[in-house]
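Q: Need coordinates for the below:
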Amino acid sequence: MLVCSSQPKVTRLNNGKPIISPTSNWWESGATFNPAAIYVENNPQNEAVIHNLLGNEFADDPRTKDGIVASLYRARPKEDKSHRPWTRSSLGLAVFSPGLELIKRFDRPVIAPDEDKKHYDYVGAEDSRLSFFDGEYYCLYCGVGLAPNPRPEWPVKTRICLAKSNDLLTWQKLGPVSGNVNTEENSNKNGVFFPEKIDGHYFMLHRPFFDTNYSKYAIALAMSNNIEGPWQDLGIIKRANQNPELAKHIWVGAGSVPIPVGDKKFIVIYHRGHVLNSGSKWYDLHADLFNFNNFDLHKPANIIERCLEKLLAPETPHELESISREGVANVVFTCGSYEYNGDIYILYGGADCCTLAAKVNKKELTDSLLGCREHKEPEGEPA
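A: Numbering: from 1, shown residues only. So this is what the prediction gives:
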C-alpha cells in the first residue's frame, strides 16, 4: 500500500458552524451528531420520495431543483429517565439542498430504540449509514442493547442492524444483519455498504471488537449475494499502526459510504481514533483508495491500494470542545458523504455534540490518491 503526501484542499462549510444542533425536543436536546447522508436526485423516479418528505410547501422551492440530501443523524437527550446505562440514542431526519442549506427537519425520530429491555437496540440506535439498492433505501446502524453478561465497564452489546424504507421517512427494522458478522462472542459497529454490486457481490465494511483494548479495533470486510444477507465475514483488512510515544491506543473504523471513481475503485473515508498518552481521545479522518480489481477471497486486504493521511482533523471550536454531557472532545467522525457537482460533501460529527460539514473536490482527492509515491508513514502529533 502506498501512503500519499499530497493533500487536497478541504473546505469547512457554514463557516465551520453546525448545520444540525440540539433543539428543545427532548430526544435531541443534548446532542445531534454522527450523520448519515444520501443525495436524492430530482428526477421522475424520485419525485414521489421528495414530495413525501417536503410536501406541497416546498414544491417549487428553487433549492430542490437538483434534488435533496436526506440526513439521518444520531440524537441524544440532555436527560433520560428510562434507567438505561446512558442516555438513549435515536435517529432524526433532516432534509437539505445538495449544497447543504437546511430545508426541513422533523420533530420526531424516524428510528427510535425499542422499549423492551431484551431488544437489540433498547439502549440506542446509533451512527447510521444510508444506501439505495433496487428501489429501497437501506440504513445500517449500530443497535445497542443490554449485554447478556454485563461488565461494569461495558454493560452493553452492540450489533450491526439493518432497516429499510421506500421513502426515507418510515422505516422497517430488519434486526441484526444475518450471517457471521454479528456473533455471540463479539460486539460490532461501523457497518457501511459499498454503494454498488461488485462482480455480482455486495460488500460491507464493519468493525468487530471483543474487549476494551482499543488497539485491537480494526476494519473488516464482509460479502453477500443479497443486501439483506446472510453476510460472510472475510476478516480484518486494515489495522492502525501503533505509536507508543504518542498514544496508548490507536485504532481505525469505517466512515461514510464509499465514493465510486470507476473501474471497481472507491474512495473510502474512515476514522482513526486515539487514546493519547495524556488520557484524552482524538479522532481524525483519512482516505484510502480501494481497488476491487485486486480482490482475493483469501487475501481481502489486497484491495487497499493507497492511503491519504489526515484528510480532516479537529481544529475548530465545535470539533475541539464538546457541549454534550456525554460527549468526547477532539473529534471529527463521519457517517455520511455524497457527490455533487464535482465535490465530495462530508457530513460529520464534531466533538460528539453537533453536525458539521465540509467538502473536497473529487478530482483533487482522486489525483492525490492516484499520484502518491511510497514513503514512510508519518508519526507525531495526530493534528
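Q: and the closest residue to residue 356 other than its chain neighbours, how far is that from residue 285?
A: Nearest non-adjacent residue to residue 356, counting by Cβ to Cβ, 6 or more residues apart in numbering: residue 350, 4.4 Å away. From N, CA and C alone the C-beta is placed, and that goes for glycine too. Residue 350 sits 12 Å away from residue 285, going by Cβ to Cβ, to the nearest Å.
Q: ok, those two, which is more surrounded?
A: residue 350 (30 against 24; other Cβ atoms under 10 Å).
Q: Tell me the bridge partners for that one.
A: In this entry, residue 350 is beta-bridged to residue 332, residue 354, by DSSP bridges.
Q: Name all residues that make contact with it.
A: 18, 33, 314, 316, 318-319, 331-332, 356 (Cβ atoms under 8 Å, 6 or more residues apart in numbering).
Q: And it, how far from residue 257?
A: Distance from residue 350 to residue 257, by Cβ to Cβ: 20 Å.
Q: do residue 248 as well
A: Taking Cβ to Cβ as the measure, residue 248 falls 31 Å from residue 257.
Q: ok so, going back, can you tell me which of the contacts of residue 350 are buried?
A: In the contacts of residue 350, burial by neighbour count holds for 18, 33, 314, 318-319, 331-332, 356, counting by 16 or more other Cβ atoms under 10 Å.
Q: Now the element after the helix or strand harbouring residue 128, going C-ward?
A: Residue 128 belongs to strand 124-133 when assigned by DSSP states H and E. Tracing the chain past strand 124-133, the next element assigned as helix or strand by DSSP H and E is strand 136-151.
Q: What is that following strand packed up against?
A: Counting contacts by 3 or more Cβ pairs under 8 Å, 6 or more residues apart in numbering; DSSP states H and E, strand 136-151 packs against strand 124-133, strand 154-165, strand 187-193.
Q: any idea of the angle the first one forms with strand 154-165?
A: Think strand 124-133. 30 degrees (axes from the mean of the first three to the mean of the last three Cα atoms, to 10 degrees).
Q: Remind me what strand 124-133 packs against, helices and strands.
A: Using 3+ Cβ pairs under 8 Å, 6+ apart, the elements in contact with strand 124-133 are strand 38-41, strand 67-76, strand 90-96, strand 136-151, strand 187-193, strand 332-340.
Q: Please state the offset of the fourth one from the chain centre?
A: Shown here is strand 136-151, whose average C-alpha point lies 15 Å from the average C-alpha point of the whole chain (Cα atoms, centre = their mean, to the nearest Å).
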